[in-house]
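[1] just the structure for this:
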Amino acid sequence: MRFVYEYRTSDNVRHDGEIVAADREAAFRALKERGIRPGRLEVAPGFFNKYLGNWKQRLAAIGLFAVTAVGVFIPFVGSYFSGTREGRAVSNPPVVETSLYVDENGFAKPIERRQIWGDEAVISAAARQNWRVIFSNPGERLLALFAEPGMRLSMLPRLPDSLKDDMDKALRTRLAIAPDELDEYRQMKCIVEGMKSELRDYLAAGGNLTGYIKRLQARQNEEVAFLEKARLELEKQIEAGEDVISAWQEMNKRIREQGLPALPMPEVR
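    I've put the predicted structure just below:
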């Protein structure tokens with residue numbers, strides 16, 4: 001299938017292009033390998049591309065459906081005419097979408113904390129709701145606050161009295177990912193699964209939940225302080241007469257190496 005995408009470079013210049021891939025996830029992976037993080041990725045217009053672009057996979061699916069239907073229908077007819085009206089109930093396992101974030105059982109793969117990339121409008125809307133759109137467990141919502149490195153927290157929300165029980169439940173369960181779930185949601189679920197794994201190790205080493213939360217706060221504060229120091233250093237470089245674009249790009253290169261969000265383009269006075 002053909003996909004159209006849009007992204008911005010570190011100098012805030014907009015670019016767009018096309019890519020051919022089996023599906024949206026494959027297109028994201030291919031672009032990521034090129035160092036491109038698209039802000040928009042959509043199926044290219046056109047009936048044949050949208051509905052027939054994946055013709056090999058569709059033929060395989062049709063063949064699989066036909067074989068499955070025959071396998072279900074023949075035993076049912078045989079049992080019907082042999083006197084068993086109900087026939088046999090045949091249960092087919094669901095087809096799980098393979099991607100960067102989903103394991104073979106449909107659960108989120110644990111990954112390290114990082115910046116979530118994709119549609120900024122989707123990310124911002126979910127963040128404003130503290131990711132309630134995907135997390136019903138207060139313990140997982142708490143972890144989501146600290147999921148993205150360098151994000152400034154105005155204040156930590158009041159922790160519920162049930163937090164320990166909620167977190168215990170979160171550690172005993174795994175987050176499932178639906179085949180049609182937004183990529184931004186998948187990333188957050190995988191990061192939270194990674195933090196749950198980190199918490200398990202912390203508890204196994206003799207720590208407690210309160211200590212882990214303090215550790216999260218300290219780490220986030222250190223990252224925010226690093227960004228603020230980088231911003232001030234960039235201002236000094238520009239005031240000293242260095243080229244704005246070059247200094248900004250070099251500073252953001254250092255920041256990205258730490259997994260932190262890039263600084264915005266400074267205003268040229």
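[2] now do the contacts for the residue nearest to the spatial centre of the chain.
    Geometric centre of the chain, nearest residue: residue 187, 1.3 Å, by Cα atoms, centre = their mean. Going by Cβ atoms under 8 Å, 6 or more residues apart in numbering, residue 187 touches 101, 111, 114, 116, 117, 118. (C-beta placed from N, C-alpha, C; glycine too.)
[3] following the helix or strand that contains it, which helix or strand comes up?
    Using DSSP states H and E, residue 187 maps to helix 183-204. As assigned by DSSP H and E, the chain's next helix or strand after helix 183-204 is helix 209-239.
[4] tell me how many other residues crowd residue 19.
    19 (other Cβ atoms under 10 Å).
[5] so it belongs to a strand, correct?
    Yes. Judged by DSSP: H, G, I helix; E, B strand; the rest coil, residue 19 forms part of a strand.
[6] hmm, it is touching residue 3, no?
    Yes. Using Cβ atoms under 8 Å, residue 19 is in contact with residue 3, at 5.3 Å.
[7] between the two, which contacts overlap?
    Shared contacts of residue 19 and residue 3 (Cβ under 8 Å, 6+ apart): residue 27.
[8] so where's the chain uncertain?
    For the chain, the stretches with pLDDT under 70 are 8-14, 33-35, 45-99, 154-157, 268-269.
[9] which residues of it fall in helices?
    With DSSP state H as the criterion, the chain has helices at 24-33, 47-52, 55-81, 120-128, 138-145, 163-172, 183-204, 209-239, 244-257.
[10] ok and the longest one relative to helix 244-257, angle-wise?
    Here helix 209-239 points in a direction 160 degrees away from that of helix 244-257 (axes from the mean of the first three to the mean of the last three Cα atoms, to 10 degrees).
[11] buried residues of helix 209-239, list them for me.
    209, 212-213, 216, 220, 223-224, 226-227, 230, 234, 237-238 (16 or more other Cβ atoms under 10 Å).
[12] hmm, back to that, now, among the contacts of residue 187, which is nearest to residue 149?
    Proximity of the contacts of residue 187 to residue 149 (Cβ to Cβ) peaks at residue 114, which lies at 6.9 Å.
[13] is it true that the closest one touches residue 259?
    Yes. Using Cβ under 8 Å, residue 114 is in contact with residue 259, at 5.6 Å.
[14] identify the contacts common to the two.
    Residues touching both residue 114 and residue 259 (Cβ under 8 Å, 6+ apart) are residue 149.
[15] who's in contact with the closest residue to residue 133 other than its chain neighbours?
    Computed as Cβ to Cβ, 6 or more residues apart in numbering, the closest residue to residue 133 that is not its neighbour in sequence is residue 126, at 5.4 Å. Applying Cβ under 8 Å, 6+ apart, we find residue 126 in contact with 133, 134, 184, 185, 188.
[16] need the phi and psi values for the closest residue to the fourth one other than its chain neighbours.
    Closest residue in space to residue 185, ignoring its immediate chain neighbours: residue 134 at 4.9 Å, by Cβ to Cβ, 6+ apart. Recorded main-chain torsions at residue 134 are phi -120, psi -20, according to degrees, to the nearest 10.
[17] same deal with residue 101?
    phi -110, psi -10.
[18] from what I see, it and residue 186 are in contact.
    Yes. With contacts defined as Cβ under 8 Å, residue 101 counts as touching residue 186 at a distance of 4.2 Å.
[19] next, show the common contact partners of those two.
    Counting by Cβ under 8 Å, 6+ apart, the contacts common to residue 101 and residue 186 are 108, 177.
[20] what number of residues lie near residue 240?
    Residues within reach of residue 240, counting by other Cβ under 10 Å, total 8.
[21] my error: substitute residue 245 in the last question.
    The burial count for residue 245: 14, using other Cβ under 10 Å.
[22] surely residue 199 meets residue 212?
    Yes. Counting by Cβ under 8 Å, residue 199 does reach residue 212; the two are 5.5 Å apart.
[23] now stretch 114-122 - C-alpha only, CSV.
    Coordinates of the C-alpha atoms in stretch 114-122 are reproduced here as CSV (Å, rounded to 0.1, in the frame of the first residue of the first chain):
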residue,chain,number,x,y,z
ARG,A,114,11.0,7.8,25.7
GLN,A,115,9.2,10.6,23.9
ILE,A,116,6.0,9.5,22.3
TRP,A,117,5.9,10.3,18.6
GLY,A,118,3.0,10.6,16.3
ASP,A,119,0.0,13.0,16.1
GLU,A,120,0.7,15.8,18.5
ALA,A,121,-3.0,16.5,18.8
VAL,A,122,-3.7,13.0,19.9
